[in-house]
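Novice: show me the folded form of this:
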Amino acid sequence: MNPHAREFQYTSEAESKEAPAGDGITAQAAPIDGAIWSASPTIPSDVPDRVQSEPPIGAGRGRQRGRSSLRGIGRKNQSRQGRGVSPQSKKVSAYAVDCEMIEVYMQDGKVQQAVVSIGVVDESMEVILYARVRKPANSVVVNDTFVRTAGGLTADYDKGLSIFSARDLIQRLVQDGATLVGWQIDNDLKALGVDKVVPVDQIVDLTRQFVTTNGHKCKLIEAYRTVFRRNFPAHNAGDDAKVTMELYHYWNEAAKGQIVKIDLNFYCINWHYFKLGSIGMSRGDVLWKFLRPRTNDRDVVIEEDDGKNAYKLKFRLKADRDAYVLLVKRRLEDNKIFPHGKPVRVAGGRGTEMDFGHFRSHVYDVVR
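Specialist: Numbers count the residues shown, from 1 in each chain. Predicted structure coming up:
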């Protein structure tokens, strides 16, 4: 799983594929408090009792770092007998698979995804494999920003297992009849080179089982945080595989295979009504000097700019929007730009607007 984050994401929710419809159950995120210059109404949301009370699957189990392991292959039935697993559960085993990828330029002139780390976790939350994977020989790295900044991998991509070793493990699991579970797992299987050999009925893509209120896809960390009400160290292949397996257990057992609706919002701020004649600056200068998010806010904000009037930012967390608002407020105050009057309720009370003389801000929330 590797979306290769850019400085800002220029995609909108409408561009994402809709997930299958279903009644399902709903998991709601706990609100995150934060200061903002205007009171922005939030949508009340409480996590259902069954989500709050359910202990995280595999809690307390450690994770081996710094080495790879192929334990458990060929002896999974034997190991599970001692754990009191029913005969029915031994018929089909499930393994969560996650990969981190970079973009490389191949000798044939093509740019492709190359796996640089892989994590495989079984149903008992045991890490079967976590290892670095060597990039293709004689390939040139084009984009590795995501794995370096979010995954914490060093830029030495010539170390680790060969892709053939990782591929062989996945193929053996499939031959044994195992179910492969993942988050956007199609991308992982394609990068591993096994997408053509894994039967569809042995794949569970959880992005189709955990969707937003309006049926859109969400991120792994958003689903996990909403269901279990805690964060996790994201974008490490081993840890991502473990939390994917936790969500699989929740979907398979607590949700009984139903689609789980994740209650999420976009926390938006729209800058508009630009009147810059008296300030002596262009619109582009104002965006750059005052209104741009921080560079390290990549992957937490979606930027939409019509190039004329509206400059909209959509944050996945209210705390991230609040932090951005305080940053902009400090920039404006340093340049003697202050709000005119108090915030005004707009859009039927669903948002607030503030006039800064040279432009206005509209703060509001959107159900995803």
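Novice: and whichever helix or strand residue 96 is part of, what's buried?
Specialist: If you go by DSSP states H and E, residue 96 is part of strand 94-105. Neighbour-count burial for strand 94-105, counted by 16 or more other Cβ atoms under 10 Å, picks out 94-104. Just so you know, the C-beta spots here come from the backbone N, C-alpha and C atoms, and that holds for glycine as well.
Novice: ok, now stretch 266-283?
Specialist: Under 16+ other Cβ under 10 Å, the buried positions of stretch 266-283 are 266-271, 274, 281, 283.
Novice: and what about the residue nearest to residue 265 when sequence neighbours are not counted, helix, strand or coil?
Specialist: In space, and not counting its chain neighbours, residue 265 is closest to residue 365: 4.8 Å by Cβ to Cβ, 6 or more residues apart in numbering. Under DSSP: H, G, I helix; E, B strand; the rest coil, residue 365 falls in the strand class.
Novice: one more: residue 128?
Specialist: On the three-state scheme (three-state DSSP), residue 128 is labelled strand.
Novice: what about it, how many residues nearby?
Specialist: 23 (other Cβ atoms under 10 Å).
Novice: do the same with residue 178
Specialist: Counted by other Cβ under 10 Å, the residues lying close to residue 178 total 19.
Novice: tell me how far it lies from residue 97.
Specialist: Distance of residue 178 to residue 97, computed by Cβ to Cβ, to the nearest Å: 10 Å.
Novice: repeat for residue 136
Specialist: 20 Å.
Novice: then residue 309?
Specialist: From residue 309 to residue 97 the distance is 46 Å (Cβ to Cβ).
Novice: and the furthest pair within the buried residues of strand 94-105?
Specialist: Within the buried residues of strand 94-105, 94 and 104 form the most distant pair, 30.8 Å apart (Cβ to Cβ).
Novice: what's the helix or strand for the closest residue to residue 311 other than its chain neighbours?
Specialist: Leaving aside its sequence neighbours, residue 311 sits nearest to residue 271 (Cβ to Cβ, 6+ apart; 4.4 Å). Following DSSP H and E, one finds residue 271 within strand 265-272.
Novice: what helices or strands is that strand leaning on?
Specialist: Strand 265-272 is packed against strand 311-315, helix 318-334, strand 360-367, with contacts defined by 3 or more Cβ pairs under 8 Å, 6 or more residues apart in numbering; DSSP states H and E.
Novice: got the contact list for the first one?
Specialist: Spelled out, that is strand 311-315. 266-272, 287, 291, 293, 300-305, 321, 324, 366 (Cβ atoms under 8 Å, 6 or more residues apart in numbering).
Novice: mind redoing it with 10 Å?
Specialist: With Cβ atoms under 10 Å, 6 or more residues apart in numbering as the test, strand 311-315 has contacts from 8-9, 12-13, 265-272, 274, 283, 286-287, 291-293, 297, 300-306, 320-325, 328, 359, 361-362, 365-366, 368.
Novice: could you flag which of the residues you listed are buried?
Specialist: Neighbour-count burial (16+ other Cβ under 10 Å) applied to the contacts of strand 311-315 gives 8-9, 265-271, 274, 283, 286-287, 291-293, 297, 300-305, 320-325, 328, 359, 361-362, 365, 368.
Novice: out of everything not next to it in sequence, what's closest to the one residue sitting closest to the centre of the chain?
Specialist: With distances taken as Cα atoms, centre = their mean, residue 219 lies nearest the centre of the chain, 3.2 Å away. Residue nearest to residue 219 in three dimensions, not counting chain neighbours: residue 316, with 7.6 Å by Cβ to Cβ, 6+ apart.
Novice: ok, the one you found - contacts?
Specialist: 29, 218-219, 221-222, 264-267, 299-302, 368.
Novice: looking at these, which is nearest residue 239?
Specialist: Once Cβ to Cβ is applied, the member of the contacts of residue 316 that ends up nearest residue 239 is residue 221, at 10.7 Å.
Novice: returning to what we had before: next secondary structure after the strand holding residue 96?
Specialist: strand 111-122.
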